[in-house]
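*Asks:* Here's my sequence, what's the structure:
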Amino acid sequence: MKRFTKQMKTRHRKQLNETNDCSVIAIAIVCRTTYKRAHSMLKVQGRKDRHGSWPSQQHPSVERLGLTLEKVKLDRQKNGSKFTPKTIGDKLKRGYYLCYCSGHVFAVVNGEVEDWTKNRNHHITEIFKVVRKRY
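*Replies:* Coordinates of the predicted model:
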């Protein structure tokens, strides 16, 4: 969770007095870029300061940063329940992912949840793998 903590403490975030920026933090982590650059990309797509953003703004921002998103088929756990931030790390062992819960997005990097929801039981609704573009 050190990536998340690092993004939370960035100078640019503090200067903007930013809140509701889970998408900025998640995109900065999965795209391996700075908070400032991720914030700028989302702003170009229509995100307002101190407001959330939509996947329709987030996905083009990731693509403008030179990466693509591949939707991951979301199965259920062996016991039949949905995946949560508490359990998703076992499924997403390798790679960078954007995971969506109701009204929230967070990053998963090599099985580690990079977010305050790490040990929570929010139901994950969608997962996208972030991969470099192939030329």
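*Asks:* got a list of what the residue nearest in space to the middle of the chain touches?
*Replies:* With distances taken as CA atoms, centre = their mean, the residue of the chain nearest its centroid is residue 26 (3.1 Å). Neighbour list for residue 26: 98, 105, 106, 107, 114, 115 [criterion: CB atoms under 8 Å, 6 or more residues apart in numbering]. In short, each C-beta sits where N, CA and C put it, glycine included.
*Asks:* I'd like the distance between it and residue 106.
*Replies:* Residue 26 is 5 Å from residue 106, where distance means CB to CB, to the nearest Å.
*Asks:* quick one: common contacting residues for the two?
*Replies:* With CB under 8 Å, 6+ apart as the test, residue 26 and residue 106 both reach 98, 114, 115.
*Asks:* Could you point out the member of the residues you listed that lies closest to residue 128?
*Replies:* residue 98 (4.7 Å; CB to CB).
*Asks:* Farthest from the middle of the protein: give me that residue.
*Replies:* Relative to the C-alpha centroid of the chain, counting by CA atoms, centre = their mean, residue 79 is the outermost residue, at 26.1 Å.
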